[in-house]
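Undergrad: pasted the sequence and its predicted model underneath.
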Amino acid sequence: MTEAQDHLLDWLQDAHAMEEQAESMLLSMSLRLTHYPELKTKIDLHIDETRQQAMLLATCIERQGGATSAVKDTTGKLMASGQAFMNMFASDEVIKAGLASYAFEHLEIAAYSALIVAAEQAGDTDTQTICERILQQEVAMAAWLSHNLSGTTRKFMKLSGDPELIAKR
């Protein structure tokens, strides 16, 4: 295996762990959303995309002769659990989770941008094509979150004025 292929494999394992983290983070968020049905629907759709992305990455890793990293995957899931736990106690949970999701989408965008180049340099056009497709999905989700953050914030501000409702989720 060449050095380029070694880096590609390592970064694919990182991306797989990142998707495992994203799935845990999104599931936690979805389960707690009660007053934001449009956001919940979009999160649920992205959970399905995220699961598909992880499966695609696993095939890329296997094609490179590797395996997903249990250590990296578990670490990612633990980080997501910690973030979800901290957000549970925030009075503005939906806003903090939205900000974290938006930032995380940009982390994914950066990771896939690098993976596309790494796959190209390693001569793995199948992985390059898969990463390009995943990148488009991540860009679309980040754009949706950006476009809808102001509406979610407005709704939160409105709901937070009603003592009968729990605006935070």
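TA: Yes, it's here.

Undergrad: what about the longest helix in this protein?
TA: Ordering each helix of the chain by length in residues (DSSP state H) puts helix 125-160 first.

Undergrad: now that one: buried residues?
TA: 127-128, 130-131, 134-135, 137-139, 141-142, 144-145, 148-149, 152, 155-156, 159 (16 or more other Cβ atoms under 10 Å). C-betas here are computed from N, CA, C, even on glycine.

Undergrad: now it, how far from the chain's geometric center?
TA: Computed by Cα atoms, centre = their mean, to the nearest Å, the separation of helix 125-160 from the middle of its chain amounts to 9 Å.

Undergrad: just give me the residue right at the centre of the chain.
TA: residue 22 (3.5 Å; Cα atoms, centre = their mean).

Undergrad: sticking with that residue, tell me its helix or strand.
TA: Using DSSP states H and E, residue 22 sits in helix 3-32.

Undergrad: my guess is the residue nearest to the centre of the chain meets residue 100, correct?
TA: No - in terms of Cβ atoms under 8 Å, residue 22 does not count as a neighbour of residue 100; the distance is 10.7 Å.

Undergrad: if we can go back for a sec, nearest spatial neighbour of the residue nearest to the centre of the chain, skipping sequence neighbours?
TA: Distances taken as Cβ to Cβ, 6 or more residues apart in numbering put residue 50 closest to residue 22, at 5.0 Å, once the chain neighbours are dropped.
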